[in-house]
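In: return atomic coordinates for the entry below.
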Amino acid sequence: MFARVKKVKSGGSEYEYLQIVENYRKDRKVKQKVICTLGRLDRLRDSGALDGVLTSLAKFSTQNQIINLYRDGSVKADWAKSWGTVLVIEKLWKTLGLDAVLRSLACRCDYRFDVERAVFACVCQRLLRPGSDLAASRWIQNLHGEGFGELELQHLYRSMDFLAEYQPEIEKELFHRGRDLFDYAVDLVFFDTTSVYFEGRGPAEWARYGFSKDHRPDRKQVLVGVVMSRKGYPLSCQFWEGNTADVTTIQRIIALVKRRFSLNNVVLVSDRGMVGVDNLVELERAGINYIVGIPMRRYQDVRGPVVDTPGYYQALTPTLWFKEIHRNGCRYILCYNPDQASKDEATRWALVEKLKTTLKKQGPQSLVGNKGFRKFIKLDRETVRIDPAKVKDDARFDGKYVLLTSTNIAADEVAVTYKRLWQVERAFRDLKSALEVRPVFHQQCRRVQGHIFCNFLALYLKIALQKQLKTKQIDIPWDQVLLDLDAFRAIHLRIAEKSYLLRTEFQGEAYRIFQAVGLKPPPTLQTLQEYPNVVP
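Out: Residues are numbered from 1 along each chain as shown. Here you go, the predicted model:
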């Protein structure tokens, strides 16, 4: 329905009439129907009748009333910010006591800003929109939380210094508080390392060229090690020069963990590439038990005698078979995955077929630099051929891996425990991808340490939230969790010189996520005086 001006000729003159018209469809054609004719447009204007009609009709238009209130300043919507993630994470933050820990430590410093709020804001930013500290200073202005509006970039930089200085005490307090809340054992600790490269020179003390797990050998890097409990909670993260060998870090990290968390009995669980023979000897001398993967193709004592040991496997699950082997005073657990064995066989035969084709078309020179091909060939004077014996020998390792342990833990539990090492690997993926440690632009060690440790805290809270959701049988992807919480927003309204906070409705699984952490949703509308923690 709309207004239309219709021109009519009468007595040699042309007049304009104002009509109310409605569109309708008939026989697939749009036609118009005149609802009423209000009169000649010039007379309506001159008499003021048109203004009276419009004013009278406006009383029945809700939208027009709102627009008028907005225009004359009676109603203003100043901003709309993401609120759901802040509320949920802050609930966990306080449950873990991190707010109290940081405020207690901040009392030792002469800071003139709220350090606890600055760290919490950075953690929220790492979870919602990870990035640099500079990006954080901008992004947190889109989050609604107590004290966020007062934070500046310099405050975030100084809070990174604070985290670096008090990291040991924060980890210790988080460990003891988390152990009481989540009841996780720490007799088993999982350890792995990764590298984080720098944008620019990086700090002189740490920045080195080394083996890059990011496949960026052209960048200087720092080596980061993370220790996790058997329940999947991170305990500590440590830093070394970028050219430090993985195997040299184990003794130092275990000694640190035992000392920092006052642990008497620790069992180290580590991947195949982490532990050398010398390290195992030193661990035994230090009274530290271990469960480690052994590169079965590298060591002759394992390659033949252990891998080919006769006897039946015990099936723990359809994809995890095992048998226990004692040799030369060592205790091995040989594990076998039938599904992986089939994949390994298919991969090998595909590689052999490709090798045949390559040799036929390109000749022996095609093998230069290709380790995958070279392990299946044999040199006969000037000829190169595929060696069936080597192909057959490679099949002995299909679907198998070997564990070495100094513990008396049952063989099946050893096998299951090692499988949990994927939690550490997933934590690293989260730390470097989902939470995006990079880019790292800092040129000082304490800033780099604080930046990465902030991501460590974000990772801890993410894992805590995921476990809470799992307990409540809420099975949704992490990106969906963030999407639903981000849709829960706070809107600041000013109506007749009074300030109000209006919240949006829950989207997706947001309400169930609130329930999972024991969080009561805020009222739909409240004055700021009724909700003192809210700062416009």
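In: Lys400 bridge partners, please.
Out: Per DSSP bridges, the residues bridged to Lys400 are Tyr336.
In: what's the burial count for it?
Out: Around Lys400 there are 17 other residues, counting by other CB atoms under 10 Å. Yep, even glycine has a C-beta here, placed from its N, CA and C like the rest.
In: so this protein: which segments form each domain?
Out: 2-60, 339-398 (automatic domain parsing).
In: tell me what the lengthiest strand in the chain is packed against?
Out: Secondary structure of the chain per DSSP state E: the longest strand is strand 13-26. Counting contacts by 3 or more CB pairs under 8 Å, 6 or more residues apart in numbering; DSSP states H and E, strand 13-26 is packed against strand 2-10, strand 29-40, helix 41-47.
In: strands paired with that strand, and their directions?
Out: strand 2-10 (antiparallel), strand 29-40 (antiparallel).
In: and the domains of the chain, which one's lowest on average pLDDT?
Out: Lowest mean pLDDT of the domains of the chain: domain 339-398, a mean of 80.
In: got the end-to-end distance for that domain?
Out: 10 Å (CA to CA, to the nearest Å).
In: check stretch 312-330 too.
Out: 20 Å.
In: now stretch 269-281
Out: 15 Å.
In: for the record, mean pLDDT for that stretch?
Out: Mean predicted lDDT for stretch 269-281 stands at 72.
In: oh, and call the first residue 346 from now on, that's how I've got it
Out: Done: numbering now begins at 346, and the last item shifts to stretch 614-626.
In: quick check: pLDDT value at Ala481.
Out: For Ala481, the model assigns a pLDDT of 77.
In: about what we covered before: please identify the most buried of the domains of the chain.
Out: Greatest average neighbour count among the domains of the chain goes to domain 684-743 (a mean of 13), per mean count of other CB atoms under 10 Å.
In: returning to what we had before: now the domains of the chain in a markdown table, with distance to Lys439?
Out: Converted to a markdown table, the domains of the chain look like this (distance: least, CB to CB, whole Å):
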| stretch | distance to Lys439 |
| --- | --- |
| domain 347-405 | 49 |
| domain 684-743 | 44 |
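In: which among those domains is found nearest to Leu533?
Out: With CB to CB, the closest approach to Leu533 among those belongs to domain 684-743: 24.0 Å.
In: closest to Phe584 out of the domains of the chain?
Out: It's domain 684-743; of the domains of the chain, that one is closest to Phe584 (CB to CB) at 32.1 Å.
In: poorly predicted segments of this protein, please.
Out: 407-419, 525-531, 617-621, 708-718, 726-727, 767-784, 874-881 (pLDDT under 70).
In: for the residue nearest to Leu870 when sequence neighbours are not counted, give me phi and psi.
Out: Nearest non-adjacent residue to Leu870, counting by CB to CB, 6 or more residues apart in numbering: Leu847, 5.2 Å away. Taking degrees, to the nearest 10, you get phi -110, psi 130 for the backbone angles of Leu847.
In: so where do the strands sit in the stretch 746-881 of the chain?
Out: When assigned using DSSP state E, counting those that start in this stretch, the strands of the stretch 746-881 of the chain occupy the ranges 834-840, 843-848, 870-872.
In: among those, which is nearest Arg792?
Out: Across those, closest to Arg792 is strand 834-840 (CB to CB), at 31.7 Å.
In: and whichever helix or strand Glu510 is part of, what does it pack against?
Out: Secondary structure assignment for Glu510, by DSSP states H and E: helix 498-527. Where contact means 3+ CB pairs under 8 Å, 6+ apart, helix 498-527 is packed against helix 443-451, helix 460-473, helix 478-484, strand 579-586, helix 595-605, helix 790-816.
In: show me how far it is from its chain's centre.
Out: Centroid separation for helix 498-527 versus its chain: 19 Å, with CA atoms, centre = their mean, to the nearest Å.
In: what of stretch 392-403?
Out: 59 Å.
In: next: stretch 552-567.
Out: Worked out by CA atoms, centre = their mean, stretch 552-567 lies 22 Å from the chain centre.
In: and it, what's buried?
Out: Ala552, Arg553, Gly555, Ser557, Lys558, Arg564, Lys565, Gln566, Val567 (16 or more other CB atoms under 10 Å).
In: tell me the contacts of the first one?
Out: When you say that, I think you mean Ala552. For Ala552, the contacting residues are Phe543, Arg546, Lys565, Gln566, Val567, Gly587, by CB atoms under 8 Å, 6 or more residues apart in numbering.
In: what do you get if the cut-off is 7 Å, keeping everything else the same?
Out: Counting by CB atoms under 7 Å, 6 or more residues apart in numbering, Ala552 touches Phe543, Arg546, Lys565, Val567, Gly587.
In: and which of those is nearest to Asp623?
Out: After measuring the contacts of Ala552 against Asp623 - CB to CB - the closest member comes out as Gly587, at 22.3 Å.
In: distance of that closest one from Gln470?
Out: Per CB to CB, to the nearest Å, Gly587 is found 26 Å from Gln470.
In: also Gln377?
Out: Gln377 is 55 Å from Gln470, by CB to CB.
In: now Gln596
Out: 36 Å.
In: which of these two has more residues huddled nearby?
Out: Regarding Gln596 and Gln470, a neighbour count based on other CB under 10 Å identifies Gln470 as having more, with 26 against 17.
In: quick check: closest non-adjacent residue to the more buried one.
Out: Ala481 (4.3 Å).
In: could you pull up the contacting residues of that neighbour?
Out: So Ala481 contacts Cys467, Gln470, Leu501 (CB under 7 Å, 6+ apart).
In: again with Asn588
Out: Arg553, Tyr554, Gly555.
In: for these, which one is nearest Arg524?
Out: Nearest member of these to Arg524, counting by CB to CB, is Gly555, at 34.6 Å.
In: test my guess that the closest one contacts Gln566.
Out: Yes - using CB atoms under 7 Å, Gly555 is in contact with Gln566, at 6.1 Å.
In: from Leu363, how far out is Lys371?
Out: Counting by CB to CB, the gap from Lys371 to Leu363 is 25 Å.
In: ok, now Glu491?
Out: 56 Å.
In: same deal with Ile633?
Out: 92 Å.
In: and Ile639, by the same measure?
Out: Taken as CB to CB, the span from Ile639 to Leu363 is 92 Å.
In: for Pro867, same thing?
Out: Taking CB to CB, one finds Pro867 at 49 Å from Leu363.
In: give me the neighbour count for Thr872.
Out: Thr872: 12 neighbours (other CB under 10 Å).
In: what sits against it?
Out: Lys843, Ser844, Tyr845 are the contacts of Thr872 under CB under 7 Å, 6+ apart.
In: follow-up on the earlier one: name the residues contacting each of Gly555 and Gln566.
Out: Ser540, Gly587.
In: nearest to Phe833, out of the helices and strands packed on helix 498-527?
Out: helix 460-473 (12.1 Å).
In: go ahead and measure how far the closest one is from the middle of the chain.
Out: 14 Å.
In: what angle separates it from helix 443-451?
Out: 130 degrees (axes from the mean of the first three to the mean of the last three CA atoms, to 10 degrees).
In: helices or strands up against helix 460-473?
Out: Packing partners of helix 460-473 (3 or more CB pairs under 7 Å, 6 or more residues apart in numbering; DSSP states H and E): helix 429-440, helix 443-451, helix 478-484, helix 498-527, helix 790-816.
In: how about 10 Å then?
Out: With contacts taken as 3 or more CB pairs under 10 Å, 6 or more residues apart in numbering; DSSP states H and E, helix 460-473 sits against helix 429-440, helix 443-451, helix 478-484, helix 498-527, helix 790-816, helix 823-831.
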